[in-house]
Each structure stands twice: as structure tokens, then as C-alpha cells.
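Q: Following is a predicted model, sequence given first.
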Amino acid sequence: MRSGRDTTPPSVERGEGERQAWGRDTRPPSASLREAPPPAGRGEGEGSSSLPPRQWGEVARAKPWSEGGAVASILAVLLLLLPTLAHAAWEPPADVAEPFNAGVVALGKGDPAAAETAFRQTLATDPACGRCAHGLGIALVRQEKLGDAITVLDRAVTAFPDRAELHTALAGATFARQQFATAIAHAREAVRLDPGSVDAHVALQQGLLREGRTDDARAALVGAALPGPEATCLELLVGIEEGATPPPGKLAYCRQAKHPGLASTVEARMAAGTGRMAAAAALAGDTLSADGQATSVELVASAVRKHQGGDDIGALPLLDRAVTLEPRRVDARILRAVCRARTDDLDGALADLQVVFEADSWVEVHETGGLSGVLTARDEAQLQDGVRKGAGLLVSLLVEAGRLDEAERALGRASAELGMGPRLAAGAARLHAARDERVDAWKVLGPALSQWPDDGDLRLLAAEIAAQDPGVVPPDVAAVLDAAADWRSGYYKALSQARAGEHDACASSALAASKAMGGAVQPAPTPDDQRTVLRLLHTCAVNAERLVDADRAAEAIGSPGALQEVARINHALMRHQAGRSADALQLLEGLTATTPRRQELIDAIRAQASGG
């Protein structure tokens, strides 16, 4: 068994930019980025300003008057005109209306690069256009150009400190840059300036929950001037973070919210105890369209659903699409590595893990955090746990590939940065065992079993190493293994027989281990434990040409995608040769082999079974 293959890394996307659209990674432009009607011309038409273009923060100055009465009169007029003058400076003037509108349209179509070009064109003509800077900031955030976005939006806030939408946008950009205190400060200011802004409240809640400040998040909602459904959704999100289950009535009311992604985020996070990716998987459903419109969040969530059901082959195309959309999605790459390892594509699994763990910023995951679905403090802990499991899988796969020096380097880096969790401990023990350093392997496994006594993978690994050399097993570990001498001992007996080429004996031992799993075993075997034993039983039964046992194992596993690829192909061939062509075709349904030779065999079986 390869350590870490039960990894279920999570994911829900964080919204970014001016509108905090929870749970989605594409958003419509905010109402504040509506298209500008082309006015008659700068200095013409009602409400326009005759001021020339200004640089950031530049203030128009009136000439002093000598007469006191005149001064008082002009000040009164200026006080009345100030809102109009500020509005005129904020809005795009006539000569930039066309590129500004093009930028708004581009954002709406999900083309932030084109939007950036258009908004930069407007600012080149009128550097004082506040809404143009606002649009540019959003376009930059959506391209992950966070440093540039923060610079643009910070200058805009300096020039227009009373615009709530600018503070909201800057809160989004600094949140994405992991500057949570700054994000919270700007979100609070946005709420103060516009107490009825849902965007501002969402930005504030997002920042507070990211830091785990649920009391502050709840307090910020007291007396908030929000529509009822939106307020209810935000209250539910705080409750979910605290471990509460949303009442059905409140959830139904939340679903009436008009803010994009808010209600769906509540639904995605409400599955208590299943983790953020499992919750997203429940929301994503069983299938996704093949038209390419699904987001990376939905693709990864659906892949998790298939992976948890044992259909790793079915999960792989979804993860391929997700990684194509977001090449730096750490959780997608780790899950794809797990699925590839389970389907015996060790080279592919290593390639994914090396992309993740050989990058300079691998521990940080990604500077925005959003590509792996980090929304709250609890999300970060879950993601880091997934990263630890991925690192352990990398070490174990390198050991299995005989690349021991690389495994040692990966182990050293991972343990220094992440700490020695159970998966890395398993990798370290495997490395020692591969070097015939069994005493050192037990020095790692003994304390690990004491610290994580219920970890099934550590117990299995201990049983495997003990079977190879019982004489060096420490007494305390031997006692633990004797207490757990149930299906595990049968599984490792079968595994050793399979490695020795004793396929019939392996099938018998694995069958006995599978039956033992149904007894009163503590800790109870997990669904992944059961699939592992059944996969070994299926492979050995096929190799021993025990068709009945192979059929029973495949039926118990449920999904053909969970079967080992070569065993699945050979099982189909056995069914065809036994006159069960329809059953053979059913077993091969949806299978595309990982090598040309295997694909040729699949095509030949299909042709013969179909009467071709």
C-alpha cells in the first residue's frame, strides 16, 4: 500500500476583486462598473466639470477674494458644487467613455486581460478617472497581478477616500495577497462608508473568518443594513465556521439572496465533518458538462466525489481539465497524483508531485491561497494537511521507484517545513526499510504509532515491515500489532505472496482478509482499507484465473475505475473467453489505457466481443 493514497485534498474558490463572489472564480462586474453613457464632451452637459485632467490626489484651488462677503458667497457655492465636482472626477469623461465601456464589457465576458488594456487606455487619457482605476484594479486582481492591483487601488483610495467600492476592491486585492489585517481594515471602512453594501460586508466577513475571528464576524453583522437573505447567509457562514448546522428554514431564506455565489457557498460548506472539498463535491453533483464551462472548483469537487467512491480513473479527466484551467492548483495536482498512483501511473503521479514540491513556494501553496480554495482559517489547516499527505506520498513513491537519494532530500525538506506527520513518518520508515535499515525504520514507526495509534496506513506499514523481519520488532510495537492481528495480517500475507508470484495463494489470503473485515474489528476498517484489500483480491484472482472470485471482488468494489488497469483488462478477456461478451464490454466501458500496448488489447477485446 502506498502511503497517502487516501489523500482527499481539498477546495471552494474565494472571490476576488471588487465583488467578493463566494465560491466562484468568475463574476459579473459590480454595479459600480456599469457602462458609462457617452456625454456630449468634457466641460459640456449637465453636471460635468470644466477642470482639466488631474493627477492622483491633486486638489483644485480657488483664487483668494478680497471682499469678505464675496468669499462667503463663493464658499457657499463651492460647498454645493463639491459633490458634483467629485462625481465628475470619479466618472469617466466623454473622451474615454468608449474604452471604459469596452473594459466593463470585457470584465463581464471574463476577459480581464482585454479589460486591463481598455482601462489603461482610459487612464492614459485621464489619470484622474476614479472609476477607470477601480476597473483596472479589478482586472489586475483577476489576472493575479496582485502587486500592481494594490498599487493602483491604493492610489485610487488616496484620491477618493470616500468611495466604498474602492475600499472593497482593495480589501479583495490585499486578501488575495494574504494581507488579512489590511483587508479587514479596508472592508471595515467600506462598511462604514456604505452600510448597505453587500460587497463590503462580504469582504469584511471573508477577512474575519480567514483569521478565525468568528466573534468579531458575528458582531460585525449586528445591526447591519443588509437585505434579509444576504444577512442570513452571512450569519450562517459564521455559524458553520463555529461548527453549527444551518436550520432548514434559514437556509431556505438564504437561498433567496441575490448576491452571486453567497447562497451556494453556504450550501457547499454546510456538510458538517466532511471537509471543504467533500462539501463542494456534494454541491457539484455527479456529473459535469463536457463543454468546458465548469470552473476549476466544480471540476476538483466532482473529482473528489469520484475518488471517494473509488473511481480514480473517472476522476482523472476532471482533474486534467482543472489543472489545465489552473496549473498552480495544488490540491488538484496532489489529488491527481493520488489517483494516478492508485491506477499504477507512478511516473504521472511523481510528475505532479514534483511540480508541487520542487517549486520555490511549494509550502506556501500559492500566494493568493484562492487557487486551492482557502476561505477560512479552518480551510488553511485542511489544505496544509493535504500538502503534508502529498509530501508523504512523494517520498513513498520515490522509494518505490528506487530513487532513494531523491526520497531522502524530499523527506528532509518536507519534514523541516511541515513537521513529521503520519504520512511523512511512513515515508521515512519506507526509506529506511528500502535501505535494509530496519532498526532505524522502527525508531520512526514506534513513536509514530504511539502518536497516531489509529492511523491505518501506519499500522499496515508496521505489519508489512514486521512480516519481512519479525526479529527486530520492538516489544511495544509487537504488542500493538498482536492486538490488531485481524485482516491486516491476512492482507500482508497476501501481499507477500503476490510479490512472490504465488497468485492462487494470494487470492485465498486476500479473500480471508476481506471476510475478516466484516468482524468486530477496532479500529474498524475504512472504506479505503476495504477497497485496498478487494483490489489485491481482484488482481490475484485474475492472475490465478479464478474468475468467480474476480467477479465477486469487482462487484464488491462497485466501480470498474477502481480496479487495477492490467487486471481489469485481463478480467474482461477472461469473461469474453468464458462466453460472457456483454460482461466483458461492461468491464471495459469508458476505459482508455495508459499505454499503447494495453489499448491495442482493449480494442481487440471490444472488437471480438462486439462480433467485429
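A: Thanks, I have the structure now.
Q: Number of residues surrounding Glu545?
A: Applying other Cβ atoms under 10 Å, we find 14 residues neighbouring Glu545. C-beta: built from backbone N, CA, C; applies to glycine.
Q: same check, this time on the one 5 residues further on
A: Burial measure for Ala550: 27 neighbouring residues, criterion other Cβ under 10 Å.
Q: ok, it - contacts?
A: His538, Ala541, Val542, Ala567, His571, Met574 (Cβ atoms under 8 Å, 6 or more residues apart in numbering).
Q: Could I get the full set of helices for the stretch 451-600 of the chain?
A: Assigned by DSSP state H, counting those that start in this stretch, the stretch 451-600 of the chain shows helices spanning 456-468, 475-483, 487-499, 503-516, 527-543, 547-557, 565-577, 581-588, 596-609.
Q: what stretches of this structure score poorly on pLDDT?
A: Applying pLDDT under 70 to the chain flags the ranges 1-88, 268-295, 297, 359-383, 456, 467-471, 479-486, 519-524, 612.
Q: repeat that with 50
A: Residues of the chain meeting the criterion pLDDT under 50: 1-32, 34-88, 271-292, 360-372.
Q: circling back: so which pair among the contacts of Ala550 is furthest apart in space?
A: Greatest spacing in those, by Cβ to Cβ: His538 and Met574 (11.6 Å).
Q: So for Leu346, what's the nearest residue that isn't a sequence neighbour?
A: Spatial nearest neighbour of Leu346, chain neighbours left out: Leu397 (6.0 Å); criterion: Cβ to Cβ, 6 or more residues apart in numbering.
Q: what about His538 and Met574, which has more around it?
A: Ranked by neighbour count (other Cβ under 10 Å), His538 and Met574 place His538 first, with 28 against 20.
Q: And that one, how close does it get to Glu98?
A: As judged by Cβ to Cβ, to the nearest Å, His538 and Glu98 stand 65 Å apart.
Q: How about Arg328?
A: Using Cβ to Cβ, Arg328 is found at 35 Å from Glu98.
Q: Pick out whichever of the two has more residues nearby.
A: When Arg328 and Glu98 are compared for neighbours, Arg328 comes out ahead with 18 against 15, by other Cβ under 10 Å.
Q: tell me the SS of the more buried one?
A: Following DSSP: H, G, I helix; E, B strand; the rest coil, Arg328 is assigned to coil.
Q: now Gly212
A: Taking three-state DSSP, the label given to Gly212 is coil.
Q: What of Val387?
A: Assignment for Val387 (three-state DSSP): helix.
Q: count of neighbours near it?
A: Counted with other Cβ under 10 Å, the neighbours of Val387 add up to 26.
Q: hang on, isn't it packed against Leu418?
A: Yes. With contact defined as Cβ atoms under 8 Å, Val387 reaches Leu418; the gap is 6.7 Å.
Q: separation between Leu495 and Ser509?
A: Counting by Cβ to Cβ, the separation of Leu495 from Ser509 is 9 Å.
Q: Repeat that for Val542.
A: Distance of Val542 to Ser509, computed by Cβ to Cβ: 15 Å.
Q: Ok, Pro161 next?
A: Going from Pro161 to Ser509 by Cβ to Cβ gives 74 Å.
Q: Looking at the two, which one has more neighbours?
A: Ser509 (24 against 12).
Q: Now do the contacts for the residue nearest to the more buried one when sequence neighbours are not counted.
A: Residue nearest to Ser509 in three dimensions, not counting chain neighbours: Ala494, with 3.6 Å by Cβ to Cβ, 6+ apart. With contact taken as Cβ under 8 Å, 6+ apart, Ala494 is in contact with Ala505, Cys506, Ala507, Ser508, Ser509, Ala510, Ala513, Leu536, Leu537, Cys540.
Q: Tell me the one among those nearest to Leu107.
A: Leu536 (52.9 Å).
Q: In which helix or strand does Pro260 reside?
A: Secondary structure from DSSP states H and E places Pro260 outside every helix and strand.
Q: Could you give the number of residues near it?
A: For Pro260, using other Cβ under 10 Å, the count is 19.
Q: got it, and Thr158?
A: Neighbour number of Thr158 under other Cβ under 10 Å is 11.
Q: Tell me the spacing between it and Ile184.
A: Using Cβ to Cβ, one gets 19 Å for the distance from Thr158 to Ile184.
Q: Show the contacting residues for Lys515.
A: Residues near Lys515 by Cβ under 8 Å, 6+ apart: none.
Q: okay, now Ala224: neighbour count?
A: 18.
Q: Mind checking what secondary structure it has?
A: Going by three-state DSSP: Ala224 is coil.
Q: doesn't His201 make contact with it?
A: Yes. The criterion here is Cβ under 8 Å, and Ala224 meets it with His201 at 5.9 Å.
Q: Overlap of the contact sets of those two?
A: Among the neighbours of Ala224, those also in contact with His201 (Cβ under 8 Å, 6+ apart) are Val191, Leu234.
Q: If we ignore the residues flanking it in sequence, what's nearest Gln256?
A: Nearest residue to Gln256, sequence neighbours excluded (Cβ to Cβ, 6+ apart): Pro229, at 4.1 Å.
Q: which ones are touching Gly558?
A: Gly309, Gly310.
Q: And for Arg546?
A: Residues counted as contacts of Arg546 (Cβ under 8 Å, 6+ apart) are Asp504, Ala507.
Q: got the phi/psi numbers for it?
A: Note on Arg546: its backbone torsions stand at phi -100, psi 80 [degrees, to the nearest 10].
Q: if I look at it, how far off is Cys506?
A: Distance, Arg546 to Cys506, using Cβ to Cβ: 10 Å.
Q: again, but for Leu221
A: 60 Å.
Q: quick one, which of these two is more surrounded?
A: Between Leu221 and Cys506, Cys506 has the larger neighbour count (other Cβ under 10 Å), namely 25 against 17.
Q: re earlier: nearest to Ala301, of the helices of the stretch 451-600 of the chain?
A: Distance to Ala301, taken as Cβ to Cβ, is lowest for helix 527-543 among these, at 18.8 Å.
Q: residues of that closest one that come out buried?
A: By neighbour count on 16 or more other Cβ atoms under 10 Å, the buried set for helix 527-543 is 528-543.
Q: closest to Ser559 among those residues?
A: Ranked by distance to Ser559 (Cβ to Cβ), the buried residues of helix 527-543 are led by Arg531 at 9.3 Å.
Q: Just list the residues touching that closest one, thanks.
A: Counting by Cβ under 8 Å, 6+ apart, Arg531 touches Gly310, Ile557, Ala562.
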